[in-house]
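Asks: just coords:
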């Protein structure tokens, strides 16, 4: 069981390691990866994740190939959302497998490892379907973990 406040989770995860994992993945793909850690809220986690996806500009990437890892530690929930470009290539089964892999790490309180593994696996799919092109690729979104408050209703 991994019930944590956002503050406690942020103390347990290695934010620099996660940011580096995102940067490493994005050197191999035109895709974009973000991580968002939410405060507690009531309501549907997926719907709030979808709002965060839009708020973070994930659906504004040129090839619609953004992936968001949305984590709500106080609810012991997370959602992985892929934009339509990458989802069309990998399908729902990929997201479910990725979620299972990360869940195992989280259950063992290996939060940094779970996130890095999820980012790396997502990156492999992004690199396969949206390889990096040094002539045209630009970093479209921030690689920092999103900690914006108000991700949902309190």
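Replies: Arrived safely. A quick note: this is a predicted structure, and the numbers were derived from the prediction, not measured.
Asks: measure the residue nearest to the spatial centre of the chain to residue 82 for me?
Replies: The residue lying closest to the centre of the chain (Cα atoms, centre = their mean) is residue 69, at 2.0 Å. Separation of residue 69 from residue 82 (Cβ to Cβ, to the nearest Å) stands at 10 Å. Yep, even glycine has a C-beta here, placed from its N, CA and C like the rest.
Asks: just give me the neighbour total for residue 138.
Replies: Using other Cβ atoms under 10 Å, residue 138 has 6 other residues around it.
Asks: so it sits in a strand?
Replies: No: residue state for residue 138 (DSSP: H, G, I helix; E, B strand; the rest coil) corresponds to coil; a strand is not indicated.
Asks: quick check: buried residues in the top helix by length along the chain?
Replies: For the chain, the helix with the greatest residue count under DSSP state H is helix 84-107. Of the residues in helix 84-107, those with enough neighbours to count as buried (16 or more other Cβ atoms under 10 Å) are 85-87, 90, 94-95, 98, 102, 105-106.
Asks: out of these, the closest to residue 76 would be?
Replies: Nearest to residue 76 out of the buried residues of helix 84-107 is residue 106 (Cβ to Cβ; 8.2 Å).
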